[in-house]
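[1] Please find the sequence and the predicted model below.
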Amino acid sequence: MKISAANDLTFFNIAHEAAVRKGMEVIGIIDCHSPSVQDDIMTYLDRGEMEELEGGGIRYQDTAIMLGTEIEVREPGRGPAHLLAYMPNLVAMQGFTQWMKGHMKNVELSSQRIYVPARILQEEVLGRGGILIPAHIFTPHKSVYGSASTRMEHLLDLDGISAVELGLSADSDMAGLISELDRFTFVTNSDAHSLGKIGREYNEMKLAAPTYEELVKALHCQEGRRIAANYGLNPRLGKYHRTYCSLCESILDERAVTVERCTDCGSNKIVRGVMDRILALADREQTYLPPYRPPYHFQVPLEFIPGLGPKKLDQLLRRFGTEMNVLHRTTPEELESEIGEEIASYIVKAREGNLLLEVGGGGRYGKVKNRS
């Protein structure tokens, strides 16, 4: 479904993984703007394997699918930024695709650049009943704060933004150092490029029903709907958490955030880390969390747990059903009976936030240290 994604990351496989293996009630799928993906969706609807929901979205088994797309914008004199757009139904997405064909080189592909100003794109999304969410807002190379601007208002109309996606290398406390973000709901999405990474970040939502209309209300905190909790990767595990030197491959962890050269080798070929970028943009010394800001729970996905290979993971899923059950609901005793005390202890410590982590940076994920 994405250029850099695994071959098995198809619309149906994502829906099935979310419903059966992950235990997720709502999932957003990107690249639904692609005509070939839309053809697939029509096939599943015609067969009766999926159905459109009255309040927007598509149902597969007990999971509701939100139709989305990720688009790259680039204003003159600025770096590129990625924006997420979600549409209420397939007809709205098909109409959006037809509009984009006149402003994009290849509408079949993922995360393509659109050759219109960001605000024009924003108006088009909203005019079709869609919502706009800036993606992984601090990530270097292709994000609002990471490469495009020091202020979101320079790029977009803030009143037309439904939420902002924090990205894998940031959390609510870090984002709370920037006052411009106080008004926005934060979302923690998995940004998965393979089936196994689905659900590595997710949102707990208070909805009356799993539909697009209810999702919009939750993002805007309307009628009692809301994001009840964010479950995100510990930022230290993110690929771009700290600044990285491309020459000597060192991660400049716990060092001066304003350095323009590597403190180890002196090279200026550095990739600015998310934490360092946030601290450079911060307009307050202490983080601020508005009263409506939900709790942020660190999550260490099972793929990061030392010693937990595919066979043992399948064993856990056969016993406990879904990864959400394994991560959050099983008892230590139940885990030990299936995978042994040592591996079980990593999962328990992950819940408690007691794992020792090796920080990530420069496109390399962090790691859980053995014998944490």
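    Yep, it's here.
[2] Which residues are in contact with residue 336?
    Residue 336 sits next to residue 344 when contact means Cβ atoms under 8 Å, 6 or more residues apart in numbering. Bear in mind the C-beta positions are built from the backbone N, C-alpha and C, glycine included.
[3] Give me the three-state assignment for it.
    helix (DSSP: H, G, I helix; E, B strand; the rest coil).
[4] That one and residue 202: what is the separation?
    Using Cβ to Cβ, to the nearest Å, residue 336 is found at 26 Å from residue 202.
[5] Please apply the same query to residue 79.
    Counting by Cβ to Cβ, the gap from residue 79 to residue 202 is 29 Å.
[6] Comparing the two, which shows the higher neighbour count?
    It is residue 202, of residue 79 and residue 202, that has more neighbours when counted by other Cβ atoms under 10 Å, with 22 against 15.
[7] pLDDT value on that one, please?
    Per-residue confidence (pLDDT) for residue 202: 95.
[8] number of nearby residues for the residue nearest to residue 130 when sequence neighbours are not counted?
    For residue 130, ignoring the flanking residues on the chain, the nearest one in space by Cβ to Cβ, 6 or more residues apart in numbering is residue 87 at 4.7 Å. Residues lying near residue 87 (other Cβ under 10 Å) number 26.
[9] How about the contacts made by residue 87?
    32, 67, 68, 69, 93, 96, 128, 129, 130.
[10] Tell me which helix or strand comes right after the lengthiest strand in the chain.
    For the chain, the strand with the greatest residue count under DSSP state E is strand 63-73. Where DSSP states H and E defines the elements, the next helix or strand beyond strand 63-73 is strand 81-87.
[11] what's the model's confidence in the next helix or strand along the chain from that following strand, averaged?
    On the C-terminal side of strand 81-87, the nearest following helix or strand under DSSP H and E is helix 90-101. Helix 90-101 shows a mean pLDDT of 98.
[12] Report the distance from the following helix or strand past helix 90-101 to the chain centre.
    The C-terminal neighbour of helix 90-101 among helices and strands, as given by DSSP H and E, is helix 118-127. With Cα atoms, centre = their mean, to the nearest Å as the basis, helix 118-127 stands 21 Å off its chain's centre.
[13] repeat for stretch 77-85
    Using Cα atoms, centre = their mean, the offset of stretch 77-85 from its chain centre is 16 Å.
[14] Any idea how far apart the tips of that stretch sit?
    With Cα to Cα, to the nearest Å as the measure, stretch 77-85 spans 24 Å from end to end.
[15] buried ones in it?
    Buried residues in stretch 77-85, counted by 16 or more other Cβ atoms under 10 Å: 80, 81, 82, 83, 84, 85.
[16] Equivalent analysis for stretch 223-243, please.
    225-227, 229-243.
[17] want to throw the buried residues of stretch 77-85 into CSV with distance to residue 153?
    As requested, those are exported to CSV (distance: Cβ to Cβ, whole Å):
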residue, distance to residue 153
80, 18
81, 13
82, 18
83, 15
84, 18
85, 19
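[18] Go through the buried residues of stretch 223-243 and flag which are in strands.
    Reading strands off the buried residues of stretch 223-243 with DSSP E, I get 226, 227, 229, 230, 231, 232, 233.
[19] how many other residues sit next to the nearest residue to the third one once chain neighbours are set aside?
    Translated: residue 229. In space, residue 229 comes closest to residue 204 once its chain neighbours are excluded; the distance is 4.1 Å by Cβ to Cβ, 6+ apart. Using other Cβ under 10 Å, residue 204 has 15 other residues around it.
[20] if I look at residue 204, how far off is residue 159?
    26 Å.
[21] and which of the buried residues of stretch 77-85 is nearest to residue 136?
    Minimum distance to residue 136 across the buried residues of stretch 77-85 is 6.8 Å, recorded for residue 82 (Cβ to Cβ).
[22] What's opposite that closest one in the beta bridge?
    In this entry, residue 82 is beta-bridged to residue 72, by DSSP bridges.
[23] show me what contacts residue 188?
    165, 166, 201, 202, 203, 230, 231, 232, 296.
[24] could the residues you listed be laid out in CSV, adding distance to residue 124?
    Shown next, in CSV, are the contacts of residue 188 (distance: Cβ to Cβ, whole Å):
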residue, distance to residue 124
165, 20
166, 25
201, 28
202, 28
203, 26
230, 29
231, 32
232, 30
296, 32
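[25] how about residue 18, secondary structure?
    Under three-state DSSP, residue 18 comes out as helix.
[26] Touching, it and residue 28? I think so.
    No: counting by Cβ atoms under 8 Å, residue 28 is not a contact partner of residue 18; they are 9.9 Å apart.
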